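Colleague: A structural model of the following input is requested.
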Amino acid sequence: MTTLPPTLPPTPPTLTLLRNGHLYTPDDAGIGDVLLAGNQVAAVGRDLALPPANWPCRVVDLQGARVVPGLIDAHVHLTGGGGEAGSHTRVPAVRASALAAAGVTTVVGLLGTDGTTRTVAESLACARTIERYGITAFCYTGSYQIPLTTLTGSVRGDLVHNDRLVAVGELAIADHRSSQPTLDELLRIASDCHVAGMMTGKAGLLHLHVGDGVRGLELVRQALETTELPARTFHPTHCNRQKRLWREAMALHKDRGIYVDVTTFEADADSLDAVQAVQSWLENACDPARLTLSSDGGGCLPTFDGDGVLMHMDVGDSAGLLASINQLVQGGMPLATVLPMVTRNVATLFRFTRKGRIEAGADADVLVLGDDGRPLHLWAGGQQLVADGNSLIREMFAR
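Modeller: Residues are numbered from 1 along each chain as shown. Modelled structure (predicted):
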């Protein structure tokens, strides 16, 4: 008989005082302390006083290590993506330990090409599994296709009646794998997103997979020119997959103010990696507060021939977020400049009001970076998941 392991180590003291960290909130706040109380940040400042002696409190001296908000990865295939070359090419589900090792404390799961054998219900089940280990997990409803894959039968029903479903995505445009949506179809979905967001306080986002097609962001431009929908409704991703598309995304941002999402994949001759995209965004005087980075974790990163046959595939990994940040910092960019793109910017766009910041009242999602830029310590909702570079998560069925 197999004994089921605990999901987490024994519960630590309710209070944890992080001393002498170099705080990035994500703004550079210098050396200071952070007090975690249960699942939230209780105080931030210099030389915070210890709580009364009869209150159990663990004190961790960080000796100047960088302390940042836990990362938010808003584009992860929690169920696994892929399947474009048969069921044997379906990517396995993402593990909580992999997210923690990447410094991710909040994740938004989604479906991609396969909205047939993969379902919103399965995505929600994977999110609940991830959250069992302390990481906050939300989901999109929908997938590449139209009619949308939903839980209740409608976008509004999903977003209004299920707290974990926060947006629609990733609906595909300009891609041979999409349902080739018309402008009217896109507008119906976008308007449902917007109104459902108004009804619930959620973001009201339509997260758009943009493929290699020549139409690029034309549908988004037409939507913004012909309707009253706010620009923030549309959140196109993979915009760095082609240099032509990247120029179009920057132009549409400057013209209409949209947020743009960059994927942290490796570049080829006709694309930009995340480092190049961030540098280009800032060099072209685009608003740094309206750029987000995501990993496409668990997703298939395919290469097709001219007939749409899969020739090669890689798999996205949330580790790409920190890798890109570290490369930018090593290249001379201040950490406080790029860190919001995976913390505060994402939280602001998705209206995650307690995420993406280190401040009193925020969720106790705190990442301590080692000298190598990798997670040294990680707390998610006040629960320590990484200590001294080692994972504390013990997962079911892990080998």
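
Colleague: where does F234 fall, phi/psi-wise?
Modeller: phi -100, psi 120 (degrees, to the nearest 10).

Colleague: Leaving out sequence neighbours, find the closest residue to it.
Modeller: Distances taken as CB to CB, 6 or more residues apart in numbering place V220 nearest to F234, at 5.0 Å, with adjacent residues excluded. From N, CA and C alone the C-beta is placed, and that goes for glycine too.

Colleague: and the host helix or strand of the one you found, what other elements does it pack with?
Modeller: If you go by DSSP states H and E, V220 is part of helix 218-226. Contact here means 3 or more CB pairs under 8 Å, 6 or more residues apart in numbering; DSSP states H and E; on that basis helix 218-226 packs against helix 183-200, strand 234-237, helix 243-256.

Colleague: Would you map out the domains in this structure?
Modeller: Per the record, the chain has its domains at 15-68+357-391, 71-262+288-350, by automatic domain parsing.

Colleague: most neighbours per residue, which of the ones you listed?
Modeller: domain 71-262+288-350 (a mean of 20; mean count of other CB atoms under 10 Å).

Colleague: Can you give me the end-to-end span of that one?
Modeller: End-to-end distance for domain 71-262+288-350: 14 Å, by CA to CA, to the nearest Å.

Colleague: swap in stretch 218-236?
Modeller: Note: stretch 218-236 ends 12 Å apart using CA to CA.

Colleague: Residues in contact with it: which ones?
Modeller: 167, 169, 173-174, 181, 183, 186-187, 190-191, 193-194, 203-208, 210, 217, 249, 252, 256-261, 292, 349 (CB atoms under 8 Å, 6 or more residues apart in numbering).

Colleague: what is the mean pLDDT for it?
Modeller: When pLDDT is averaged along stretch 218-236, the result is 97.

Colleague: how distant is it from the center of its chain?
Modeller: Stretch 218-236 sits 22 Å away from the centroid of its parent chain (CA atoms, centre = their mean, to the nearest Å).

Colleague: got it, and stretch 282-299?
Modeller: 11 Å.

Colleague: Export the domains of the chain to TSV and append columns for distance to Q279.
Modeller: Below are these laid out as TSV (distance: least, CB to CB, whole Å):
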stretch	distance to Q279
domain 15-68+357-391	18
domain 71-262+288-350	8
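
Colleague: By mean pLDDT, show me the worst of these.
Modeller: The lowest average pLDDT among those, as it happens, falls on domain 71-262+288-350, at a mean of 92.

Colleague: Next, format the helices and strands packed on helix 218-226 as JSON lines and append distance to M341.
Modeller: Converted to JSON lines, the helices and strands packed on helix 218-226 look like this (distance: least, CB to CB, whole Å):
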{"stretch": "helix 183-200", "distance to M341": "22"}
{"stretch": "strand 234-237", "distance to M341": "13"}
{"stretch": "helix 243-256", "distance to M341": "14"}
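
Colleague: nearest to T343, of those?
Modeller: Proximity to T343, assessed across the helices and strands packed on helix 218-226 by CB to CB, is greatest for strand 234-237 (16.5 Å).

Colleague: Helix, strand or coil: sort out the residue most central in space within the chain for me.
Modeller: Against the mean C-alpha coordinate of the chain, by CA atoms, centre = their mean, the closest residue is D73 at 1.6 Å. Following DSSP: H, G, I helix; E, B strand; the rest coil, the label given to D73 is strand.

Colleague: next one: A100
Modeller: Assignment for A100 (three-state DSSP): helix.

Colleague: The chain should start at 27 in everything you say after this.
Modeller: From this message on, residue numbering opens at 27, which makes the last subject A126.
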